[in-house]
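Engineer: just to be clear, the model below is a prediction. Sequence and coordinates:
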Amino acid sequence: MDNYNLHVEWIRTMSETKKIAVIAGDGIGPEVVAEAIKVMKKTEELFGYKFEFEHGLFGGIAIDEKGTPLPQETLDICQKADAVLLGAVGGPKWDNNSKELRPETGLLGIRKALGLFSNIRPAVVFDCLKDASTLKPEVLEGTDLIVVRELTGGIYFGEKFRREGAQGEEAVDTCVYNVTEIERIVRQAFEVAQKRSKRLASVDKANVLETSRLWRETVNRIAPEYSDVEVEHVLVDNCAMQLLRRPSSFDVIVTENMFGDILSDEAAMLTGSIGMLSSASLGEGSFGLYEPVHGSAPDIAGQGIANPIATILSVALMFRLTFGYEDAATAIETAVKNVLDAGHRTGDIAVDKSKAIGTGAMGDLIVAALRN
Ligand code: IPM
Ligand code: MG
């Protein structure tokens with residue numbers, strides 16, 4: 001190659017380098033994130049992609065070292081990145097802190113600051129793990145659903161205060177949704193449904209809540225634009241029940257912030273282990289934050305026994321949704337499936353706990369199973 005072409009090649013490679021902000025957080029966060037990075041490095045080798053990692057402090061560790069759960073420099077790192085990989089935050093050490101000094105406040109803050117209004121949580125039952133669930137295998141058969149949760153509105157972000165009432169102290173949390181917030185998340189869910197089985201369940205509490213009535217009206221108003229998608233309105237209490245009774249009848253569920261928080265934990269349990277579930281938090285563009293659905297699991301932190309699969313599958317989601325690297329995304333998912341099919345299990349999903357393998361061993365097996 002002559003100098004000119006070498007230069008062009010160099011620019012091409014550099015511009016394709018994807019910047020990933022890594023915020024490992026607390027508890028098992030750093031352990032599972034380390035395995036996800038191993039997997040990403042292997043995909044550089046196999047598929048020729050290039051990643052640059054920049055690490056930031058977040059959560060409890062940031063409270064300890066910087067006096068705030070979300071330091072400005074961490075936010076800067078995230079804002080400059082193409083995607084964020086997050087481990088987990090929180091732990092008993094910070095549980096009694098005031099609101100500003102709680103790791104969860106950092107999590108809500110980063111979602112808001114990065115405009116991540118849409119949280120996508122797939123719950124897929126792996127055939128070979130059907131026995132790990134508390135539900136009967138025949139109920140779980142064929143379960144493959146996605147919860148699309150609104151992430152920056154509702155009661156989480158409405159005005160909150162305490163006041164002195166006639167009968168003593170009162171606490172107030174307000175739930176607010178405007179039509180723009182509802183429309184953008186519902187549109188995204190319709191688009192997700194269009195790429196899947198074209199069924200959308202919109203979950204609300206329209207028999208009681210005004211925000212839910214606006215939600216339902218908005219869904220009905222824009223539904224004709226997605227006439228290939230069949231919409232069903234489900235009340236949240238009924239949805240909680242149907243998820244246990246006939247989970248396989250759901251495909252895409254769209255709902256507001258708090259209902260989505262609750263239903264996505266319920267959906268997670270269908271799969272047997274919350275240690276398997278990945279999630280994406282997205283805004284308007286391709287930028288996204290990817291994290292396992294599970295928490296920081298302080299009880300097992302530092303022991304090298306956590307299941308890294310949820311974080312590794314979150315990388316697959318990042319590759320697919322932010323970078324459009326479908327080949328590497330599928331390769332990761334296939335590698336995970338093959339390792340599980342071969343019988344390898346971390347403690348959380350092992351039937352025979354004495355045969356369980358550790359975090360690093362699981363990561364290494366998945367790396368070894370990766371193929372182009
Ligand atoms: C989640 C978590 C958070 C939420 C908490 C930790 C603030 O439960 O991501 O689902 O409620 O959104
Ligand atoms: Mg939750």
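Structural biologist: Cool, got the structure. Ligands and ions are numbered 1, 2, ... in the order given.
Engineer: use CA for all of it now, contacts and neighbours both
Structural biologist: Fine.
Engineer: which residues in the stretch 101-250 of the chain form helices?
Structural biologist: For the stretch 101-250 of the chain, the helices defined by DSSP state H, counting those that start in this stretch occupy 103-113, 137-140, 179-194, 210-222, 236-245.
Engineer: ok, and what's touching the first one?
Structural biologist: Outside of helix 103-113, the residues that reach it under the criterion C-alpha atoms under 8 Å, 6 or more residues apart in numbering are 58-60, 63, 68-70, 75, 89-90, 94, 99, 117, 151-152, 281.
Engineer: swap in the longest one?
Structural biologist: Judged by C-alpha under 8 Å, 6+ apart, the contacts made with helix 179-194 from elsewhere in the structure are 117-118, 148-150, 153, 199-200, 214-215, 218-219, 222, 226, 228-229, 251-254.
Engineer: give the helix, strand or coil label for the residue positioned nearest the centre of the chain.
Structural biologist: In the chain, the centroid-proximal residue (C-alpha atoms, centre = their mean) is residue 279; its distance is 1.8 Å. Recorded secondary structure, residue 279: strand (DSSP: H, G, I helix; E, B strand; the rest coil).
Engineer: same deal with the one 5 residues further on?
Structural biologist: Assigned state for residue 284: coil (three-state reduction, three-state DSSP).
Engineer: what about it, how many neighbours?
Structural biologist: 13 (other C-alpha atoms under 10 Å).
Engineer: for it, what are its contacts?
Structural biologist: Here residue 284 is in contact with 115, 116 (C-alpha under 8 Å, 6+ apart).
Engineer: now the one 3 residues further on
Structural biologist: With contact set as C-alpha under 8 Å, 6+ apart, residue 287 has these partners: 82, 83, 322.
Engineer: strands along the chain, start to end?
Structural biologist: Counting by DSSP state E, the chain has strands at residues 18-25, 51-55, 83-88, 118-124, 144-150, 160-165, 168-173, 199-204, 230-235, 252-255, 278-282, 288-292.
Engineer: of all those, which one is nearest residue 307?
Structural biologist: strand 288-292 (10.3 Å; C-alpha to C-alpha).
Engineer: name the strands paired with that closest one and say parallel or antiparallel.
Structural biologist: strand 83-88 (parallel), strand 278-282 (antiparallel) (DSSP bridges).
Engineer: mean confidence score for that strand?
Structural biologist: For strand 288-292, mean pLDDT rounds to 97.
Engineer: pLDDT below threshold where in the protein?
Structural biologist: Applying pLDDT under 70 to the chain flags the ranges 1-15.
Engineer: try 90
Structural biologist: By pLDDT under 90, the weakly predicted segments of the chain are 1-16, 124-135, 137, 265, 268-277, 293, 348-352, 372.
Engineer: break it into its domains for me.
Structural biologist: Segmentation of the chain into domains, based on automatic domain parsing, reads 1-126+275-372, 134-270.
Engineer: distance between the first one and the chain's centre?
Structural biologist: Its chain's C-alpha centre lies 10 Å from the corresponding centre of domain 1-126+275-372 when counted by C-alpha atoms, centre = their mean, to the nearest Å.
Engineer: what's the answer for the last one, then?
Structural biologist: Averaging C-alpha positions (C-alpha atoms, centre = their mean) puts domain 134-270 16 Å from its chain's average.
Engineer: for that domain, how far is the first residue from the last?
Structural biologist: 8 Å (C-alpha to C-alpha, to the nearest Å).
Engineer: then stretch 163-177?
Structural biologist: OK, stretch 163-177 end separation, C-alpha to C-alpha: 23 Å.
Engineer: so what touches it?
Structural biologist: Outside stretch 163-177, the residues that reach it (C-alpha under 8 Å, 6+ apart) are 153, 154, 155, 156, 157, 158, 159, 160, 161, 162, 211.
Engineer: neighbours of residue 132, how many?
Structural biologist: 20.
Engineer: once you drop chain neighbours, what's closest to it?
Structural biologist: residue 272 (4.7 Å; C-alpha to C-alpha, 6 or more residues apart in numbering).
Engineer: next, count neighbours for the one you found.
Structural biologist: Other residues close to residue 272 by other C-alpha under 10 Å number 23.
Engineer: can you check residue 222 too?
Structural biologist: 14.
Engineer: excluding its backbone neighbours, what's nearest residue 128?
Structural biologist: That would be residue 341: by C-alpha to C-alpha, 6+ apart, it lies 6.3 Å from residue 128.
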